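*Asks:* Got a sequence here, can you model it:
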Amino acid sequence: MIQQPHKVSTFLGCIGTDKFGGILKKKAEEAHVDAHYYEQSEEPTGTCAACITGDNRSLVANLAAANCYKKEKHLDLEENWKLVEKAKVFYIAGFFLTVSPESILKVAKHASEHNKVFSLNLSAPFVSQFFKEPMMKVMPYVDILFGNETEAAAFAREQGFETEDIEEIAKKTQSLPKVNKKRQRIVVFTQGKDGTVVTSGNEVTISPVLDIDQSEIVDTNGAGDAFVGGFLSQLVYDRPLEECIRAGHYSANVIIRRAGCTFPEKPDFH
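*Replies:* Numbering: from 1, shown residues only. All right, here's what the predicted structure looks like:
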């Protein structure tokens with residue numbers, strides 16, 4: 001989405017020393033992402049099988065190496081921590097709470113202390129259910145929380161919000177305790193073809209998604225991630241929240257028209 005300059009985005013994660021690890025490195029390079037992997041040989045690179053039925057999908061993940069990330073072996077290394085210090089916006093998938101919550105907290109505290117943006121994705125209902133403790137340790141540092149409607153509902157149940165209204169859930173989530181008082185938390189809940197729920201200030205708004213004919217939806221894999229990518233591409237330029245949402249909707253709309261997590265060479269976003 002940003003195009004130039006290249007490598008504005010740095011990615012940290014864990015892979016195995018194998019063919020799939022090589023593919024990940026190559027793909028990151030092609031997308032101009034500055035990837036710094038912790039490479040280990042105990043577990044192979046994580047893989048995922050996707051079964052697409054109409055516009056629905058079923059996934060079976062073998063996390064493998066993704067479960068092996070070690071803070072002291074990677075994040076704490078001086079050259080990697082310098083990358084953290086250089087960054088001004090952080091995004092972490094909730095899935096990572098199951099792997100290295102201590103890594104997340106280290107980055108979250110750094111972001112809060114230096115008034116940088118720290119964002120987290122709820123990622124899946126099971127994260128809110130079974131990893132509630134690490135999630136709630138990180139939540140006070142979260143400036144922007146992303147999730148979809150089913151993840152929001154699961155989070156609300158676990159928090160005892162006693163409501164199924166997504167706008168109410170967003171408001172209650174926004175008002176959870178927060179460390180950095182200079183930034184009010186923003187909550188963004190996508191709802192597929194229904195509008196995206198956003199808290200801004202003390203208001204909750206619903207932004208409509210781009211129209212798409214059902215027959216044009218090829219594969220919904222990566223739609224949520226694409227949304228976040230588009231959103232962050234405008235956020236790093238300090239553009240208004242409406243623009244961030246519009247870019248998120250555009251990116252997701254592009255991804256769902258293509259098989260796999262693929263995208264055209266250049267965006268057509270104005």
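*Asks:* What segments of the protein are strands?
*Replies:* Along the chain, the segments classed as strands by DSSP state E run 9-16, 33-40, 47-53, 56-62, 89-93, 117-121, 144-148, 186-191, 194-200, 203-207.
*Asks:* What are the buried residues along the last one?
*Replies:* Spelled out, that is strand 203-207. Judged by neighbour count using 16 or more other CB atoms under 10 Å, the buried positions of strand 203-207 are 204, 205, 207. Where C-beta positions appear, they are placed from N, C-alpha and C, glycine not excepted.
*Asks:* Packing partners of that strand?
*Replies:* helix 166-174, strand 194-200, helix 241-255 (3 or more CB pairs under 8 Å, 6 or more residues apart in numbering; DSSP states H and E).
*Asks:* related to what we said a few turns ago, I'd like the buried residues of strand 203-207 as JSON lines, with pLDDT appended.
*Replies:* Shown next, in JSON lines, are the buried residues of strand 203-207 (pLDDT from 0 to 100):
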{"residue": "204", "pLDDT": "96"}
{"residue": "205", "pLDDT": "95"}
{"residue": "207", "pLDDT": "95"}
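*Asks:* wait, which of those residues is closest to residue 151?
*Replies:* Residue 151 lies nearest to residue 204 out of the buried residues of strand 203-207, by CB to CB, at 17.2 Å.
*Asks:* From residue 196, how far out is the closest residue to that closest one other than its chain neighbours?
*Replies:* Closest residue to residue 204 apart from its sequence neighbours, by CB to CB, 6 or more residues apart in numbering: residue 167 at 4.6 Å. Distance of residue 167 to residue 196, computed by CB to CB, to the nearest Å: 12 Å.
*Asks:* who has more neighbours, the two?
*Replies:* Set residue 167 next to residue 196 and count neighbours by other CB atoms under 10 Å: residue 196 wins out with 23 against 15.
*Asks:* tell me the contacts of the more buried one?
*Replies:* Counting by CB atoms under 8 Å, 6 or more residues apart in numbering, residue 196 makes contact with 188, 189, 190, 206, 207, 209, 227, 245, 248, 249.
*Asks:* Please name whichever of the residues you listed scores lowest on pLDDT.
*Replies:* The member of the contacts of residue 196 with the lowest pLDDT is residue 209, at 91.
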